[in-house]
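1. sequence first, then the predicted structure, then my questions.
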Amino acid sequence: MKILLYGNKGVGKTTFWVSVCGMTWQAGGRGRVRCLNPQAQQRLTAAWEALTNRMSYPPSNEKLTEEFYEFCQTGDNGERQTFIFQCTDIPGELISRPDDRDPELIRLKIRLRQANVIVLFLDAPSIFAEDFCEEQMYDMFAYLYQYGDAEGKQLMILPLVSRFDLAAAAGLPCSWKEQIDALLWPLEKMAEGNPNIILEPRCISAGIANYDRQQEAFERLMAYGLFLSEEERRKKKDKKADTGRSVGQRTLLDRLFHSGRKENTGGRTIQKP
Ligand SMILES: Nc1nc2c(ncn2[C@@H]2O[C@H](COP(=O)(O)OP(=O)(O)OP(=O)(O)O)[C@@H](O)[C@H]2O)c(=O)[nH]1
Ligand SMILES: [Mg+2]
């Protein structure tokens, strides 16, 4: 599984990742994430400690970083479940101020093509601000449509309304749910027209005092990772099996992720270019 943390500058991508990994190291957690690069694991631990002990946030990314991780948990029947995945964290600057000659932007486009999972960060304080203008998100959505929608690739998009605690403290507009639905409407259409795209219901990330809000997003990511690794194992066992998503697989996915939660969508706001 290749996860891409995708969103504009300063929307909380790195903070989200540090907090969901750190959460798994706390007592009582069923699963654990470990970075396979020892130096990067040390940095992650230090960032988690800074966040929890000193409320000190990680610095803004200067370059695209990607690492391999292992997720390990004990299943309901006591059996050990484990898989390796990759996570790419980007400097949002690449999207907010794109320079087409920038090799990092070229790498980002490649990662968008390759990702199995795109965590799409929608920054709550920005989208609920009175002066919010959809154009601030135009490039982000444009790249997603252009490169994420690669033909034949199965892609899960997980919209994450980030820094929700800040927006809530400032006062949420009554129509906040509809506003998010309106932003996501074109993505819904994209997913409806492409059976390879799974658009997840939105999740919320809400600061370091509200880890439980991040938990849902994390559980979805890891459940999908387990699903993909089981699928991979099954394919290896039976090379002749159909490699597309069969009805059986879809049913499993639907059971895993959707559990009947389909929400209303608002009016269209951002057009697919
Ligand atoms: N209140 C609150 N503040 C947050 C949260 N997440 C991030 N922040 C703040 O937002 C800033 C930016 O967060 P980052 O995680 O660095 O954002 P990013 O998307 O990784 O930014 P780039 O690396 O520049 O693309 C942090 O320095 C914090 O001040 C959150 O959940 N709640
Ligand atoms: Mg960052």
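-> Nice, I can see it. Ligands and ions are numbered 1, 2, ... in the order given.
2. how about stretch 123-131 against ligand 2, any contact?
-> No. Counting by Cβ under 5 Å from the ion, ligand 2 has no neighbours in stretch 123-131; the shortest distance is 12.4 Å. In short, each C-beta sits where N, CA and C put it, glycine included.
3. quick one: residues in contact with that stretch.
-> Residues from elsewhere that reach stretch 123-131, judged by Cβ atoms under 8 Å, 6 or more residues apart in numbering: 7-8, 10-12, 132, 136, 161-164, 166-168, 170, 172-173, 176, 179-180, 183.
4. now, of those residues, which are buried?
-> 7-8, 10-12, 132, 161-164, 166-168, 176, 179-180, 183 (16 or more other Cβ atoms under 10 Å).
5. among those, which ones are in helices?
-> Judged by DSSP state H, the subset of the buried ones among the contacts of stretch 123-131 located in helices is F164, L166, A167, A168, W176, Q179, I180, L183.
6. let me know the closest of these to ligand 2.
-> L166 (16.3 Å; Cβ to the ion).
7. right, and the closest one touches I208 too?
-> No. Using Cβ atoms under 8 Å, L166 is not in contact with I208; the gap is 11.8 Å.
8. now stretch 15-26: buried residues?
-> So stretch 15-26, judged by 16+ other Cβ under 10 Å, has buried residues T15, F16, W17, V18, S19, V20, C21, G22, M23, T24.
9. now render those residues as JSON lines, adding pLDDT.
-> Below are those laid out as JSON lines (pLDDT from 0 to 100):
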{"residue": "T15", "pLDDT": "95"}
{"residue": "F16", "pLDDT": "95"}
{"residue": "W17", "pLDDT": "96"}
{"residue": "V18", "pLDDT": "95"}
{"residue": "S19", "pLDDT": "93"}
{"residue": "V20", "pLDDT": "93"}
{"residue": "C21", "pLDDT": "94"}
{"residue": "G22", "pLDDT": "93"}
{"residue": "M23", "pLDDT": "90"}
{"residue": "T24", "pLDDT": "92"}
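10. among these, which are within reach of ligand 1?
-> With Cβ under 6 Å from any ligand atom as the criterion, those include T15 near ligand 1.
11. just to revisit the earlier point, now the ones in helices among the buried ones among the contacts of stretch 123-131 in JSON lines, with distance to V33?
-> What follows is these, written out as JSON lines (distance: Cβ to Cβ, whole Å):
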{"residue": "F164", "distance to V33": "22"}
{"residue": "L166", "distance to V33": "26"}
{"residue": "A167", "distance to V33": "27"}
{"residue": "A168", "distance to V33": "27"}
{"residue": "W176", "distance to V33": "31"}
{"residue": "Q179", "distance to V33": "32"}
{"residue": "I180", "distance to V33": "27"}
{"residue": "L183", "distance to V33": "29"}
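12. and these near ligand 2, which?
-> Of those, not one also sits near ligand 2 (Cβ under 5 Å from the ion).
13. looking at the buried residues of stretch 15-26, which one is closest to ligand 1?
-> T15 (3.3 Å; Cβ to the nearest ligand atom).
14. part of a strand, is that closest one?
-> No. Going by DSSP: H, G, I helix; E, B strand; the rest coil, the assignment for T15 is helix, not a strand.
15. residues touching it, list them.
-> Applying Cβ under 8 Å, 6+ apart, one finds that T15 lies in contact with L51, Y57, P58, I208.
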